[in-house]
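Chemist: Make a model of this:
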Amino acid sequence: MSTGPLYLDQQQLADRYGVSKEWVRVRVKAREIPFTRAPGGKLVRFTAEDVAQIDGMFQPQPALNGPLARNAA
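Modeler: Numbers count the residues shown, from 1 in each chain. Next up is the predicted model:
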C-alpha cells in the first residue's frame, strides 16, 4: 500500500497547488516556502512535513468584501 512519493520535486509540488514550476522556483529562491535540499545541495525536494507547512500557509481565508465586510470592521 503506497502513500505516494517520499519527496516531491518542484513540478510535483506545482501540480499539487495548480501553479507553475516557475512559481515554485521563485518561492524557493526567496525562501518563502519550506523545502529540503537533497545531498549535494543542488536538488530541491519537499518532504511531507514541508508540504504540510505549505498547506497551512495556503488555508482558504474568508473574503472581507461585500455586505459581510461591513460587519467585520
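
Chemist: what are the ranges of the strands in this structure?
Modeler: Here the chain has its strands, by DSSP state E, at 36-37, 44-45.

Chemist: between those, which one is nearest to Lys21?
Modeler: With Cβ to Cβ as the criterion, Lys21 lies closest to strand 44-45 of the strands of the chain, at 10.9 Å. (Each C-beta comes from the backbone N, C-alpha and C, glycine too.)

Chemist: Could you name the helices and strands sitting against that closest one?
Modeler: Helices and strands touching strand 44-45, as assessed by 3 or more Cβ pairs under 8 Å, 6 or more residues apart in numbering; DSSP states H and E, comprise strand 36-37.

Chemist: tell me the mean pLDDT for the strand it packs on?
Modeler: Along strand 36-37, the predicted confidence averages to a pLDDT of 94.

Chemist: Not counting sequence-adjacent ones, nearest residue to the residue nearest the centre of the chain?
Modeler: If you average the C-alpha coordinates of the chain and look for the closest C-alpha using Cα atoms, centre = their mean, you land on Ile54, 3.9 Å from that point. Sequence neighbours aside, Ile33 is the residue nearest to Ile54 in space, at 5.3 Å (criterion: Cβ to Cβ, 6 or more residues apart in numbering).
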